[in-house]
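[1] after the sequence you'll find the predicted model.
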Amino acid sequence: MDFLALKEIIHGRRSIRKFTEQPVTREDIEDIIDCARYAPSDTNSQTWEFIVITNRDKIKEIEQMTWDALHEKAAQATEKGFEKEGRLLVRSFGPYATAFSDAPVLIVCLATPYESKFREKIFEPIELVPHNVWDEEGIKSSCLASQNLMLAAHAKGLGTCPMTGPVLLAADKLRAMLSIPAEKQINMVIALGHPQDTPKKLPRKEVAEITHFIE
């Protein structure tokens, strides 16, 4: 095992928002999802699924429904007396929320219901936690799988960008468009493609700032 090679992949990954016209092969997509499915999950519940969209018209449709929702939210903000904030929502947040528009592939990451023998035989009978906690368990594991996916893509020379804009703004329309069952949560969308450029490295908090040792 080569720690330095892995560290270079982790440190080198960037959120890519500009892609070339070069398509991503199905083999590459399946390879990176193969890596995603080896993420850890609570009691090996594997609470993840991926919808892979390669149809450019469908991707543009998702972009448009996101913009429509942005303008609707901005209008609502204006009605409440927050006109400036509404303008900023569209002008500043909009390009980030729709940065997947030119990607050749859009991956919709789902969190499936958390099911395990522990939940069925122990947790549920004694009402260990409120029911909504199990939804959170699914999201946590889905996020771990999504990180695996993005690192694997970077290792293949592909670029990704995780986004929640369509989820925050147009989840119901996205769910209807893709026929996603109600019990499955939409976690995020990930743009995937060949990067047009490489963004500069952004500053990170120092290890000492985020680490607390108890000895």
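    Okay, I see it.

[2] list the residues that contact residue 51.
    Residues in contact with residue 51, defined by CB atoms under 8 Å, 6 or more residues apart in numbering, are 107-108, 110, 178, 180. No exception for glycine: its C-beta is placed from N, CA and C like everyone else's.

[3] so what touches the least confident helix or strand in the chain by mean pLDDT?
    For the chain, using mean pLDDT, DSSP states H and E, the weakest element among its helices and strands is helix 117-118, scoring a mean of 86. Residues outside helix 117-118 that contact it (CB under 8 Å, 6+ apart): residue 43.

[4] may I have stretch 76-84 as CSV, with CA atoms only?
    C-alpha atoms of stretch 76-84 as CSV (Å, rounded to 0.1, in the frame of the first residue of the first chain):
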residue,chain,number,x,y,z
GLN,A,76,-40.9,35.2,-2.3
ALA,A,77,-38.0,36.9,-0.6
THR,A,78,-38.8,40.2,-2.2
GLU,A,79,-42.4,39.9,-1.1
LYS,A,80,-41.1,39.5,2.5
GLY,A,81,-39.0,42.6,2.2
PHE,A,82,-35.7,40.9,1.3
GLU,A,83,-35.3,42.1,-2.2
LYS,A,84,-31.5,42.4,-1.9
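
[5] chain center to it, what's the gap?
    The chain centroid and the centroid of stretch 76-84 are separated by 29 Å under CA atoms, centre = their mean, to the nearest Å.

[6] list the buried ones in it?
    Residues residue 77 are the ones in stretch 76-84 that count as buried (16 or more other CB atoms under 10 Å).

[7] okay, the contacts of residue 51 in TSV with secondary structure next?
    Converted to TSV, those look like this (DSSP: H, G, I helix; E, B strand; the rest coil):
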residue	secondary structure
107	strand
108	strand
110	strand
178	helix
180	coil
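
[8] having no further points to raise, I will conclude here.
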